[in-house]
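S.K.: need a structure here:
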Amino acid sequence: MIDLWQNKPFWSSLINYSIDTRTLKPGDIFIPVKGPNFDGHDFIPEAIKKGASKIIDEDLGNFAKKYRRKLDAIVIGITGSYGKTTVKDMLYAILSPHFSVVKNNQNENNEIGVPLTLLKADAKTEIILVEMGMRKPNDIRRLSQIVRPSIGVLTGIGLSHIEFFNSQRQLALHKAKLFLPPLKWEPSTRAAFICHHSDYYDIISEKAKDAGFKTFSYKGATHFEDNLALCYSLGHYLGLDDTQIQSGLSSYQASDHRLEKHTFHSITVIDDSYNANPNGMRYALHYLTQCSGRKIAILGDMKELGRFSQKAHQDLYDVLLDTGIDLLFTIGEHFKSCQFNDIDHTHCESFDELKQLALLELKGQDSVLIKGSRVHQLDQLLPIIKEAFL
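M.R.: As a prediction, the model looks like this:
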């Protein structure tokens, strides 16, 4: 067992922690994590055989919580119903040229991914970007108790995972658990950046202030501009100027299936197929308008919206009209019953039908958005379109 309360040589350089013997390398420290369908303790002999330097038989979250207390880095916790990964990646782009920065890999934003993100940092790390996901009540509180963010970012409150909450207000209150009262060892000055467009903005801001955070609001004309406003506001807070922020944004790289733009000869495909919620749909459709050529949207149902499901899908009608979508393909039971008058709309009963009809329609100079909940596996369309146009 490593004693985090003593100054030991390991602290001055990065040590790799592993919970998976399949990717464990000699010298890594193995933490046997227990899940609903597996027990990492069963793999301790294999970890030793593969060269693990130590075995830490302790709850991953508790170990990371103690590890966090040893870190001098600025820890930026990011949550919200939409835009978390995009914001994390944009902030990484502007901060990493000037600071030593650690961030979550892809979407590792849960009770396993968040602790592992903290464990990637060492004494030389200056900033840690931690995306924090919430699916059910108290998820954010548990993660915040581990992360203890010195800067909190809340991108907004929507309907994502609303089926697990009694109301959107309750969902907002649980997201606001990002902002916890300080412990004795935490810095006296902590900051909260909250999107002014967010539902329940006033309540969330008040919760942040009550917890001792200095609050900053940001906003833009669209969700995309909201994110830009955050980058400038937080960048300035950390001492960067406009030129440095602009330079960083120019190198922004999206995570897999998160508004990834691909060009196959003369067709542009925006792959945002990782997941979907109402605000994310709106953001992606507005993002599509920046592209040239015909605007084609391929959309799958949004899940975990509970009693709000049908209305949330039908409410996209105004956004589809405002963004000037030329062609719309949909799949899923909720989209099937939507009335999208004045829009060239084709609903498909299966993935195979969607694939065939979309490929028949697509042509050079088109710009295509692919977005939907993961159950529809719309990410499989990307290689199909690539093969057809390369």
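
S.K.: CA only for contacts and neighbour counts going forward, please
M.R.: OK.

S.K.: any weak-confidence spans in this structure?
M.R.: Within the chain, the stretches with pLDDT under 70 are 1-14.

S.K.: give me the domain ranges for it.
M.R.: According to automatic domain parsing, the chain comprises the domains 9-58, 61-249, 260-389.

S.K.: most packed of the ones you listed?
M.R.: domain 61-249 (a mean of 19; mean count of other C-alpha atoms under 10 Å).

S.K.: the residue most central in space within the chain: which element?
M.R.: With distances taken as C-alpha atoms, centre = their mean, Thr85 lies nearest the centre of the chain, 2.8 Å away. Element membership for Thr85, per DSSP states H and E: helix 84-95.

S.K.: now that helix - C-alpha only, CSV.
M.R.: The C-alpha trace of helix 84-95 is given here as CSV (Å, rounded to 0.1, in the frame of the first residue of the first chain):
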residue,chain,number,x,y,z
LYS,A,84,-19.2,18.7,-21.5
THR,A,85,-16.8,16.8,-23.8
THR,A,86,-16.7,19.6,-26.3
VAL,A,87,-15.9,22.2,-23.6
LYS,A,88,-13.2,19.9,-22.1
ASP,A,89,-11.5,19.4,-25.5
MET,A,90,-11.7,23.2,-26.3
LEU,A,91,-10.2,24.1,-23.0
TYR,A,92,-7.5,21.6,-23.4
ALA,A,93,-6.6,23.1,-26.8
ILE,A,94,-6.2,26.6,-25.3
LEU,A,95,-4.5,25.6,-22.1
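
S.K.: what is that helix packed up against?
M.R.: Contact here means 3 or more C-alpha pairs under 8 Å, 6 or more residues apart in numbering; DSSP states H and E; on that basis helix 84-95 packs against strand 101-103, strand 127-131, helix 223-237, helix 242-249.

S.K.: so which other helices or strands are in contact with the last one?
M.R.: Helix 242-249 is packed against helix 84-95, helix 223-237, with contacts defined by 3+ C-alpha pairs under 8 Å, 6+ apart.

S.K.: can you give me how far whichever helix or strand comes after that helix is from the chain middle?
M.R.: Downstream of helix 242-249, the first helix or strand assigned by DSSP H and E is strand 260-264. In terms of C-alpha atoms, centre = their mean, to the nearest Å, the centre of strand 260-264 is set 20 Å apart from its chain centre.

S.K.: same question for stretch 272-290.
M.R.: 13 Å.

S.K.: what of stretch 138-155?
M.R.: Centre-to-centre, stretch 138-155 and its host chain are 14 Å apart (C-alpha atoms, centre = their mean).

S.K.: how far does that stretch stretch from start to finish?
M.R.: Counting by C-alpha to C-alpha, to the nearest Å, you get 18 Å between the two ends of stretch 138-155.

S.K.: repeat that for stretch 362-376.
M.R.: Start and end residues of stretch 362-376 are separated by 20 Å (C-alpha to C-alpha).

S.K.: could you do stretch 74-94 as well?
M.R.: Rule used - C-alpha to C-alpha; the end-to-end distance of stretch 74-94 is 15 Å.

S.K.: phi, psi for Thr215 please.
M.R.: phi -100, psi 140 (degrees, to the nearest 10).

S.K.: these two touch, right, it and Ile204?
M.R.: No - taking contacts as C-alpha atoms under 8 Å, Thr215 lies outside contact range of Ile204: 10.0 Å.

S.K.: circling back to that earlier point, so can I have a markdown table of the helices and strands packed on helix 242-249 showing distance to Leu381?
M.R.: As requested, the helices and strands packed on helix 242-249 are exported to a markdown table (distance: least, C-alpha to C-alpha, whole Å):
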| stretch | distance to Leu381 |
| --- | --- |
| helix 84-95 | 22 |
| helix 223-237 | 25 |
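
S.K.: what's the helix or strand for Gly364?
M.R.: In the assignment (DSSP H and E), Gly364 maps to no helix and no strand.

S.K.: who touches it in this structure?
M.R.: Taking C-alpha atoms under 8 Å, 6 or more residues apart in numbering, we find Gly364 in contact with His265, Ser266, Ile267.

S.K.: try Ile112
M.R.: The contact partners of Ile112, by C-alpha under 8 Å, 6+ apart, come to Leu60, Gly61.

S.K.: so how far is Ile31 from the residue of the chain most remote from its centre?
M.R.: Ranked by distance from the centre of the chain (C-alpha atoms, centre = their mean), the top residue is Lys49, with 35.5 Å. Plainly put, Lys49 is 15 Å away from Ile31 if you go by C-alpha to C-alpha.

S.K.: again, but for Glu58
M.R.: As for Glu58, its distance to Ile31 is 7 Å (criterion: C-alpha to C-alpha).

S.K.: you'd agree His161 is up against Leu305?
M.R.: Yes - between His161 and Leu305 a contact is recorded at 5.8 Å, counting by C-alpha under 8 Å.

S.K.: in what helix or strand does the closest residue to Lys355 other than its chain neighbours lie?
M.R.: Using C-alpha to C-alpha, 6 or more residues apart in numbering and skipping the chain neighbours, the partner closest in space to Lys355 is Leu381 (7.0 Å). Per DSSP H and E, Leu381 falls inside helix 381-389.
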